[in-house]
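1. Give me coordinates for this.
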Amino acid sequence: MTSQQVQPQPQQAAAAHQQPSDSQPALQQKTEVVATDNVVPVASTATTAGRTVASTATTAGKTSPTSTAPRVGYSSDSYWNDRYAERSTHFDWFFNYSALASLIQETCTRDGPCLHVGCGNSGLSEGMVLDGYQVVNVDISGVVIEQMRRMSSLPGHSWEVADCRSMPQYSDSTFGSVLDKGTLDAVLCSSHGQTDTVDYMNEVHRLLMPGGTFLLISLGQPHARLAALNVQQPPATSPHSALSTLGQRPAGGVAGAIRSRA
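-> Take a look at the predicted model:
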């Protein structure tokens with residue numbers, strides 16, 4: 001399968017961490033998903049053969065063509081530290097937890113902790129904790145992690161500094177689910193986006209428990225994100241992936257639930 005990689009514009013990818021609220025090799029895992037052409041309203045869910053998928057949409061009127069703008073330091077902790085130092089309140093890109101609750105509840109297990117990668121200053125995990133999830137929020141920015149620790153008053157979730165490309169502090173098969181809401185978009189817009197994505201996807205598959213779910217909520221077009229999900233190295237141990245998509249809007253934006261199995 002060949003596909004053209006559609007990358008979010010850098011401004012949009014950066015916003016994946018700062019927008020107003022409300023609106024595998026080691027495990028040799030395989031990934032099982034269901035592809036569908038059905039379309040349903042935004043933030044709704046559907047189940048096909050027991051595997052749940054759903055979709056979100058981006059801000060109206062914006063598209064996500066391949067960017068030709070100069071790339072900035074999205075892979076640098078100093079870049080994000082500077083950005084988050086400018087504001088210290090909750091922000092959610094795409095949707096907040098209330099809009100995504102049914103999708104998360106139907107795709108992410110409560111049998112193991114959920115790793116929220118690139119959490120930024122999102123308030124998503126608070127809603128998840130109230131719904132019975134244990135959440136480990138990680139971000140490359142130590143500044144935003146300290147901010148969120150100060151703002152967080154609920155038990156059941158933690159805030160830790162981690163680089164999604166390499167998270168050796170966590171053992172294999174630690175998490176029942178991994179949640180990405182805009183982080184892959186930012187990774188792809190970094191100066192080494194393709195190689196960074198390989199490292200990131202390898203870590204996702206290493207950290208997932210057998211039967212766990214990687215929930216990706218993205219600004220990108222489905223075929224582009226499908227390509228990103230198939231970049232694990234080496235090929236002999238790569239999971240076979242497909243991105244299930246429902247409810248696309250002209251502006252783009254998809255979510256896919258990817259379930260791994262040993």
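2. Tell me which helix or strand comes right after the lengthiest helix in the chain.
-> Secondary structure assigned by DSSP state H gives helix 193-207 as the longest helix of the chain. Downstream of helix 193-207, the first helix or strand assigned by DSSP states H and E is strand 208-218.
3. Give the other helices and strands that the helix or strand following that next one contacts.
-> Under the assignment DSSP H and E, the closest C-terminal helix or strand after strand 208-218 is helix 222-229. Counting by 3 or more CB pairs under 8 Å, 6 or more residues apart in numbering; DSSP states H and E, the packing neighbours recorded for helix 222-229 are helix 183-188, helix 193-207, strand 208-218, strand 254-261. (Each C-beta comes from the backbone N, C-alpha and C, glycine too.)
4. same thing but at 7 Å, please
-> Applying 3 or more CB pairs under 7 Å, 6 or more residues apart in numbering; DSSP states H and E, one finds that helix 222-229 contacts strand 254-261.
5. Identify the spatial nearest neighbour of residue 155, chain neighbours not counted.
-> Nearest residue to residue 155 in three dimensions, chain neighbours excluded: residue 129, at 7.6 Å (CB to CB, 6 or more residues apart in numbering).
6. ok, back up a step: so which bits of the longest helix of the chain are buried?
-> With burial defined by 16 or more other CB atoms under 10 Å, the residues of helix 193-207 counted as buried are 193, 196-207.
7. any idea of the angle that helix forms with strand 208-218?
-> Using axes from the mean of the first three to the mean of the last three CA atoms, to 10 degrees, the direction of helix 193-207 lies 140 degrees away from that of strand 208-218.
8. Check the buried residues of helix 193-207 for the minimum pLDDT and say which it is.
-> Ranked by pLDDT, those bottom out at residue 193, which has 88.
9. number of nearby residues for the residue lying closest to residue 89 once chain neighbours are set aside?
-> Using CB to CB, 6+ apart and skipping the chain neighbours, the partner closest in space to residue 89 is residue 121 (6.9 Å). Neighbour count for residue 121, taken as other CB atoms under 10 Å: 24.
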